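Participant: Next one to model:
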Amino acid sequence: MKHAFVKQSENDINYLSNLHYQNARSRNLTIDFIRGVAILLVVLGHNIQYGSGDIFYKSAGYFDNSLFKLIYSFHMPLFALLSGYLFFWTMKKSVNNVLKRRVLSLILPIFCWVSLEYVVKCVVLASKNGFCVLSLFSKYVFSFFHEFWFLWAIFWCSVVVLCIESISFKGGGMF
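Facilitator: Numbering: from 1, shown residues only. Here you go, the predicted structure:
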């Protein structure tokens, strides 16, 4: 019975894989639409949280906002779900290629955006009263890991899945 389940699962995966690769050059408009709505919800959620004024933000009044609660109840899990679904299709490639793509598509943008923010802060603060380079650099390092936490989470989840995949399926299968 166990082998029948494995065989059926392999058939299902092969069917989905063939279906996906038949249309590999075309985009899945449903995924694009869901991703677009999720992006708009993130922008709206951040506007409720940060764009409602300093007093509202400092008093954490946004936690009483029903729309804020609704958006924050599912928008990041939705991104994780979409990322996991799309990551499944990259599992057919070599581990080195997948890791290289993940670094280029996730870690490199983090580095670029945080570096750009650092340079802008240096220019702005230098034009004012001056600043402490060491203090600003420590904030840069903190921002590198803090501000884009969701990209780090996706990256490390990908690494864990790749490790499990390579360990589990090298010896002939997980089941």
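Participant: Need the pLDDT of Arg25.
Facilitator: Looking at Arg25, its pLDDT reads 60.
Participant: Sorry, slip of the keys, the one I care about is Ser66.
Facilitator: Ser66 carries a pLDDT score of 83 in this model.
Participant: In contact with it: list those residues for me.
Facilitator: By Cβ atoms under 8 Å, 6 or more residues apart in numbering, the contact list for Ser66 is empty. (Glycine included, C-beta is placed from N, CA and C.)
Participant: What is the longest helix of this structure by residue count?
Facilitator: helix 66-90 (DSSP state H).
Participant: Next SSE downstream of it?
Facilitator: Counting by DSSP states H and E, the next helix or strand C-terminal to helix 66-90 is helix 95-102.
Participant: quick check, distance from that next one to the centre of its chain.
Facilitator: 15 Å (Cα atoms, centre = their mean, to the nearest Å).
Participant: Please apply the same query to stretch 75-90.
Facilitator: Worked out by Cα atoms, centre = their mean, stretch 75-90 lies 8 Å from the chain centre.
Participant: before we move on, the earlier item: give the buried residues for the longest helix of the chain.
Facilitator: By neighbour count on 16 or more other Cβ atoms under 10 Å, the buried set for helix 66-90 is Phe68, Ile71, Tyr72, His75, Met76, Phe79, Ser83, Phe87.
Participant: and those residues as TSV, adding distance to Ile31?
Facilitator: Output for the buried residues of helix 66-90, formatted as TSV (distance: Cβ to Cβ, whole Å):
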residue	distance to Ile31
Phe68	26
Ile71	20
Tyr72	22
His75	15
Met76	17
Phe79	12
Ser83	11
Phe87	12
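Participant: Just give me the closest of these to Trp113.
Facilitator: Of all these, Trp113 sits closest to Phe79, with 17.1 Å by Cβ to Cβ.
Participant: That closest one reaches Phe150, doesn't it?
Facilitator: Yes. In terms of Cβ atoms under 8 Å, Phe79 counts as a neighbour of Phe150; the distance is 6.7 Å.
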